[in-house]
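[1] quick one, fold the following:
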Amino acid sequence: MRALVRGAGVAGLTVAFELRRHGHAVEIVDRTARAGAGASGLAGGMLAPFCEGESAPEAVTRLGRAAAEWWEAALPGQVNRDGTLVVAPPRDTGELTRFAARTAGHEWLDEEGIAALEPALAGRFRKALFFREEAHLDPRKALVALHAQLVKDGVHFRLGTSSGKDFDAMFDCTGPAAIGTVRGLRGVRGEMLYLQTSEIGLSRPVRLLHPRHPIYVVPRADHRFMVGATMIEANEGGAISARSLMELLNAAYALHPSFGEARVIETGAGVRPAFDDNLPRVVRIGDAIHVNGFYRHGFLLAPAMAQEAVSLLERVPA
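    Numbers count the residues shown, from 1 in each chain. This is a model prediction of the structure:
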């Protein structure tokens, strides 16, 4: 079967990968000039199903538990399996107890345990939660690698256009572009920044629980750290707001004062599509199968949704 995939973000690329795995011919179109140019490139890349269970429906944990294995199989060597560390300032240790009560798959650490995992944080926090089974990847590197793998597997990319031809099935993975077309889909603005400093090193994502500004800091190569992310109900992208920039920087400084001397090398804001329950959906609308509504769980849930989308295609006679 010849399949057209509209959208070359994480949703479209994972759908294309599953389609090829099932033997279908695939063409991807995207109105941007390169794959992964949208909000997917601003993601944290955390494959953290247990941590996300703190505020997300149970389905996020259940569907996301196989994500690290999927990404490792698709892109060997891209997944870092050092877990997730969750900390809180001494005055907010009650937040850790609350977080632990709402999640699974964690173990408690004392100051010595924190220092053993992340020496840079030694003496800064009394207690922490360690989610040993969680993982993360660099979204930008993963998107580039997945694009290259799909080209190698015979997938045809037509970038800079939103139309295709000569196909038997169509998958719409256009993210926020589908707001107003897919019923119930809304936008959630996410803002992030990149800091660069050689004064601190981290081996895994660290989540800082804070009553007003909970953040995560994800280490990247070249002494870079991705700091994110806001969740604002809005359909507009554009530049980061001054308020969000200050909140993210203040929270990073609370994690470690060395971030106060870091260079801000990038800021960004993107619109993440979501439904009212903040769970993604695979729905057939007319002749198209829509895969959308990933909210903040794009890399975590895209593999499961891609598999569901291909399964839906193969259940329906052509």
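[2] need the contact partners of the lowest-mean-pLDDT helix or strand in the chain.
    Across the helices and strands of the chain, mean confidence by mean pLDDT, DSSP states H and E is lowest for strand 232-233: a mean of 90. Strand 232-233 is contacted from outside by 186-191, 244, using Cβ atoms under 8 Å, 6 or more residues apart in numbering. All C-beta spots, glycine's among them, are computed from the backbone N, C-alpha and C.
[3] for whichever helix or strand comes after that strand, which positions count as buried?
    Next helix or strand after strand 232-233 toward the C-terminus (DSSP states H and E): helix 242-255. By neighbour count with 16 or more other Cβ atoms under 10 Å, helix 242-255 contains the buried residues 244-245, 247-249, 251-252, 254-255.
[4] now the angle from the helix or strand following helix 242-255 to helix 242-255?
    Next helix or strand after helix 242-255 toward the C-terminus (DSSP H and E): strand 263-274. On the basis of axes from the mean of the first three to the mean of the last three Cα atoms, to 10 degrees, strand 263-274 is oriented at 110 degrees to helix 242-255.
[5] ok, strand 263-274: who's next to it in the sheet?
    Sheet partners assigned to strand 263-274 using DSSP bridges are listed as strand 186-196 (antiparallel).
[6] got a list of contacts for the helix or strand just after the partner strand?
    For strand 186-196, the following helix or strand on the C-terminal side (DSSP H and E) is strand 206-208. Strand 206-208 has contacts (Cβ under 8 Å, 6+ apart) with 51, 84-89, 118, 121, 214-217, 251, 254-255.
[7] surely residue 107 meets residue 133?
    No - taking Cβ atoms under 8 Å as the definition, residue 107 is not a contact partner of residue 133, at 10.5 Å.
[8] list the residues that contact both of these two?
    Here residue 107 and residue 133 share no contacting residue, scored by Cβ under 8 Å, 6+ apart.
[9] got the contact list for residue 296?
    Residue 296 is in contact with 52, 188, 190, 229, 231, 272, 278, counting by Cβ under 8 Å, 6+ apart.
[10] can I get the longest helix along the chain in CSV, CA atoms only?
    Counting by DSSP state H, the longest helix found in the chain is helix 298-315. The C-alpha trace of helix 298-315 is given here as CSV (Å, rounded to 0.1, in the frame of the first residue of the first chain):
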residue,chain,number,x,y,z
GLY,A,298,5.6,13.5,22.1
PHE,A,299,8.7,11.3,22.2
LEU,A,300,7.3,9.2,25.0
LEU,A,301,4.0,8.3,23.3
ALA,A,302,4.7,8.7,19.6
PRO,A,303,5.8,5.0,19.2
ALA,A,304,2.7,3.6,20.7
MET,A,305,0.4,6.0,18.7
ALA,A,306,2.3,5.1,15.5
GLN,A,307,1.7,1.4,16.1
GLU,A,308,-2.0,2.1,16.8
ALA,A,309,-2.3,4.2,13.6
VAL,A,310,-0.8,1.4,11.4
SER,A,311,-3.0,-1.2,13.2
LEU,A,312,-6.1,1.0,12.4
LEU,A,313,-5.0,1.2,8.7
GLU,A,314,-4.6,-2.6,8.4
ARG,A,315,-8.0,-3.3,10.1
